[in-house]
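1. Fold the following.
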Amino acid sequence: MTSTTMNVSNQEHKLSVSHFILMGFPSSPQRQLLYFGLFFVTYTLTLTGNAAIACAVRADRHLHTLMYILLGNFSLLEICYVTSTVPNMLANFLSTSKSISFVSCFAQFYFFFSFGCDEGFFLCIMAFV
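-> Next up is the predicted model:
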């Protein structure tokens, strides 16, 4: 009795993701520019307002109490929190490829999540003070 044996190579097919394609707001390029402008103005006002709070707390000695120091630190944390995502979103409004690498996506998620958790901790501390 003869049997034919087929050699099947048992190769593992590794699927690796190198980029994610961001869908965003599906609209015309003119509307993308409008979105860019609105988010850019909002981002700029957020940075300016939080920087003003942090500078005011640092500059005025009367504000060197625990609650104001926490507010100043909270403002700096808010700047970091917003900066972890918004610049990439603004770049994607103007881009035609609208993709993000896996490493960049992971880093952005890490910082966004970390700063978000830190904001929650700051709010808890401020609630008890």
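
2. what pLDDT, on average, does stretch 53-71 get?
-> Across stretch 53-71, pLDDT averages out at 93.

3. which parts of that stretch are buried?
-> Neighbour counts over stretch 53-71 (16 or more other C-beta atoms under 10 Å) mark 53, 54, 57, 68, 70, 71 as buried. C-beta coordinates here come from the backbone N, C-alpha and C atoms, glycine included.

4. Stretch 26-42 now?
-> Buried residues in stretch 26-42, counted by 16+ other C-beta under 10 Å: 32, 35, 36.

5. Need the contact partners of that stretch.
-> Residues outside stretch 26-42 that contact it (C-beta atoms under 8 Å, 6 or more residues apart in numbering): 25, 86, 89, 90, 93, 94.

6. thinking again about what came up before, among the buried residues of stretch 26-42, which one has the lowest pLDDT?
-> Lowest pLDDT among these: residue 32, 87.

7. right, and the helix or strand after whichever strand or helix holds that residue?
-> Element membership for residue 32 (DSSP states H and E) is helix 29-59. Downstream of helix 29-59, the next assigned helix or strand under DSSP H and E is helix 66-83.

8. Downstream of that following helix, the next helix or strand is which one?
-> Moving toward the C-terminus from helix 66-83, the next helix or strand (DSSP H and E) is helix 86-94.

9. how about stretch 77-95: buried residues?
-> 77, 78, 79, 81, 82, 84, 86, 89, 90, 92, 93.

10. What sits closest to the last one if chain neighbours are left out?
-> To tie it back to what came earlier, the one meant is residue 93. residue 36 (4.0 Å; C-beta to C-beta, 6 or more residues apart in numbering).

11. measure the one you found to residue 42 for me?
-> Noted for residue 36: a distance of 11 Å to residue 42, by C-beta to C-beta, to the nearest Å.

12. Same question for residue 84.
-> Taking C-beta to C-beta, one finds residue 84 at 16 Å from residue 42.
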